[in-house]
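> take this sequence and fold it.
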Amino acid sequence: MNQAPQTNTEVAEEIFKQLQASKVNGFPLFAYTGLKPQIFSATELHLKAPANPGHVKNILVSYEYGSDTYTVVINGAERLEDIYADGLADLIVRKMGVN
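Residues are numbered from 1 along each chain as shown. Model (predicted):
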């Protein structure tokens with residue numbers, strides 16, 4: 001993913017695949033959290049969250065080309081930058097308060 005995407009949603013699909021492969025306490029991230037993913041734009045994945053202790057409703061994950069990291073925006077207000085792929089699932093679960 002060090003070069004620009006070849007198709008409209010290639011980056012967003014890659015974000016989805018990375019999160020889909022993530023495990024939390026031995027369970028797939030989406031099954032463990034109940035998150036509903038949808039492609040938001042060519043480089044962003046939107047996650048809609050069910051009721052949770054952290055009161056997280058929406059998560060927007062976007063890829064940052066220059067740094068090979070991700071930016072996560074929670075509920076449109078809290079912005080977390082420079083997140084590596086292997087830390088995305090843990091961050092999301094911690095913010096939701098479901099670990």
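> could you give me the average pLDDT of the helix or strand containing Tyr63?
With secondary structure defined by DSSP states H and E, Tyr63 is part of strand 58-64. Mean per-residue pLDDT for strand 58-64: 93.
> again, but for stretch 15-24
Rounded mean pLDDT across stretch 15-24 is 91.
> where exactly do the helices run in this protein?
10-21, 29-33, 88-96 (DSSP state H).
> could you dump those helices to CSV with mean neighbour count and distance to Leu80?
Just so you know, the C-beta spots here come from the backbone N, C-alpha and C atoms, and that holds for glycine as well. Shown next, in CSV, are the helices of the chain (neighbours: other CB atoms under 10 Å; distance: least, CB to CB, whole Å):
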stretch, mean neighbour count, distance to Leu80
helix 10-21, 17, 15
helix 29-33, 18, 17
helix 88-96, 19, 7
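> what are the pairing partners of the strand holding Tyr63, and which direction each?
Counting by DSSP bridges, the strands paired with strand 58-64 are strand 44-48 (antiparallel), strand 69-74 (antiparallel).
> quick one: contacts of that strand?
1, 11, 14-15, 19, 35, 40, 43-49, 70-76, 81-82, 88, 92, 95 (CB atoms under 8 Å, 6 or more residues apart in numbering).
> and what of stretch 85-93?
With CB under 8 Å, 6+ apart, stretch 85-93 has contacts from 18-19, 22-24, 29, 32-33, 35, 47, 56, 59, 61, 70, 72, 80, 83, 99.
> try 10 Å
Residues external to stretch 85-93 that are found in contact with it (CB atoms under 10 Å, 6 or more residues apart in numbering): 1, 14-15, 18-19, 21-25, 28-30, 32-33, 35, 45, 47, 49, 52, 54, 56, 59, 61, 63, 68-70, 72, 74, 80, 83-84, 94, 98-99.
> next, the buried residues of stretch 46-57.
Of the residues in stretch 46-57, 46-47, 49, 52, 56 count as buried by neighbour count, 16 or more other CB atoms under 10 Å.
> which other helices and strands contact the helix or strand of the chain with the lowest mean pLDDT?
Across the helices and strands of the chain, mean confidence by mean pLDDT, DSSP states H and E is lowest for strand 36-41: a mean of 84. For strand 36-41, the contact count by 3 or more CB pairs under 10 Å, 6 or more residues apart in numbering; DSSP states H and E identifies helix 10-21, helix 29-33, strand 44-48, strand 58-64 as packing neighbours.
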